[in-house]
Structures are given as C-alpha cells and as structure tokens.
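> Predicted model and sequence below, questions to follow.
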Amino acid sequence: MLFKLLTLPISLPLDAVGWIGGKIADAAEQQLYDTDAIKRELEALEQRLETDELTETEFEELELVLIDRLREANRRLKAVGP
C-alpha cells in the first residue's frame, strides 16, 4: 500500500497517457473504417478522375485501397453484429 502511494505521482500520469492513447487509437480506427466516410472518399476520387486531376492508373490504385478498407470495415461490422 505504501509503495503504491509513493509511486502514485509517477504511475498515475503513465496510466493516463496509456488511457488517452487508447482512446485516440479507438477514434482513429473508427474513422478509418467508417463505411460512409469511405464511400464519400470513393465519390470524391471519381470526381477527381472526371476532372482529370488523376490519371486512370492513379485512380485505380487509390480505388483499390479504398475498396480494401471498405471490405475490412464491412467485415468488422459483421463481426460485431447489429
């Protein structure tokens, strides 16, 4: 008990940093695998292709990345359930 009390000034900030880091990682993962956001990115990508901001090759490469993310997002949603 005394050891915990004496190390509290060090352990408490470290625990807080770990907790905050976990929350940031959760938020980043949620945003990365947000299906609506991925669909919006795909639409924006198509617009960039239509306005000649991207070549067909660039579009295909970026589209594959987004499709893979969308598949992973859907897989995660199925794993969690409704």
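Arrived safely, thanks for sending. All of these numbers come straight from a predicted model, not from anything done at the bench.
> and residue 21, how far is that from residue 27?
From residue 21 over to residue 27 the distance is 11 Å, taken as C-beta to C-beta, to the nearest Å. For the C-beta atoms, the positions are set from N, CA and C on the backbone; glycine is no exception.
> Could you do residue 38 as well?
16 Å.
> For those two, indicate the residue with more neighbours.
Taking neighbours as other C-beta atoms under 10 Å, residue 38 and residue 27 compare with residue 38 leading, 21 against 10.
> So which bits of the helix ranked longest in the chain are buried?
With secondary structure taken from DSSP state H, the chain has its longest helix at helix 2-32. For helix 2-32, burial by neighbour count (16 or more other C-beta atoms under 10 Å) applies to no residue.
> following it, which helix or strand comes up?
Downstream of helix 2-32, the first helix or strand assigned by DSSP states H and E is helix 35-50.
> which is the next helix or strand following that next one?
Beyond helix 35-50 on the C-terminal side, the first helix or strand identified by DSSP H and E is helix 56-80.
> tell me the angle that next one makes with helix 2-32.
130 degrees (axes from the mean of the first three to the mean of the last three C-alpha atoms, to 10 degrees).
> could you give the angle of the longest helix of the chain to helix 35-50?
Interaxial angle, helix 2-32 versus helix 35-50 (the same axes, to 10 degrees): 40 degrees.
> pLDDT value on residue 5, please?
For residue 5, the pLDDT comes out at 72.
> Residue 53 versus that one, what's the distance?
61 Å.
> what does stretch 27-39 rub up against?
Residues external to stretch 27-39 that are found in contact with it (C-beta atoms under 8 Å, 6 or more residues apart in numbering): 66, 69, 70, 72, 73, 74, 76, 77.
> Let's see that with 10 Å instead.
Outside stretch 27-39, the residues that touch it by C-beta atoms under 10 Å, 6 or more residues apart in numbering are 40-41, 65-77.
> Specify which member of these is nearest to residue 17.
Comparing those against residue 17 with C-beta to C-beta places residue 76 closest, at 26.6 Å.
> Great, nothing more from me.
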